[in-house]
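Asker: 3D, please:
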Amino acid sequence: MKLLMFNTKEFWYKTFSKTVESVEDLMKEDKWEDALVIFLNVEKEDEEKPNKVLMKAVDNISWLARKVEGRKIVLHSFTHLSESKSTIEFAEKIIKDIRERLQVKGYEAYTTPFGYLLEFKIHVLGDSLAKVWKDI
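Answerer: Model (predicted):
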């Protein structure tokens, strides 16, 4: 799994086009202020060790949230971070599981619509912890 994590002042998105036939049709727009926005790519090799990947992703995201004193986390599937891709079903499930684990830890955790390309605007803060890359 690859994580590209941003500490943002603002993140806005609007669905642009559906890329996964099995997901529901929707037009959606949303915006968060002062949130960690996590672009993540679930890789094929993650399917061999789902629990380890899940725990490491939650640990890394929680670590950054504590460092920047953030409570809001937005997860966005972004398959452009790696050439390796898991199955659609596995990616959708693990992202949901990450969100649920973060919520259990007391974070406000959200996901952007899975299976959609998005139009988005992101205002990332300038400090060094505002942009963190993890390969887990």
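
Asker: so what's the residue positioned nearest the centre of the chain bridging to?
Answerer: Among the residues of the chain, the one closest to the centroid is Leu75, at 2.4 Å (CA atoms, centre = their mean). Leu75 has these beta-bridge partners by DSSP bridges: Ile38, Thr111.

Asker: what's near enough to touch it?
Answerer: Residues near Leu75 by CB atoms under 8 Å, 6 or more residues apart in numbering: 38, 40, 95, 98-99, 109-112. C-beta here means a position set from N, CA and C on the backbone, and glycine is covered the same way.

Asker: could you redo the last one with a cut-off of 6 Å?
Answerer: Residues in contact with Leu75, defined by CB atoms under 6 Å, 6 or more residues apart in numbering, are 38, 95, 99, 111.

Asker: Could you single out the nearest of these to Lys44?
Answerer: Ile95 (15.4 Å; CB to CB).

Asker: Let me see the mean pLDDT of the helix or strand that contains that closest one.
Answerer: Assigned by DSSP states H and E, Ile95 falls within helix 88-104. In this model, helix 88-104 has a mean pLDDT of 97.

Asker: returning to what we had before: take the contacts of Leu75 and write them to TSV, including distance to Trp12 and neighbour count.
Answerer: Below are the contacts of Leu75 laid out as TSV (distance: CB to CB, whole Å; neighbours: other CB atoms under 10 Å):
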residue	distance to Trp12	neighbour count
Ile38	16	27
Ile95	20	22
Arg99	19	18
Thr111	15	16
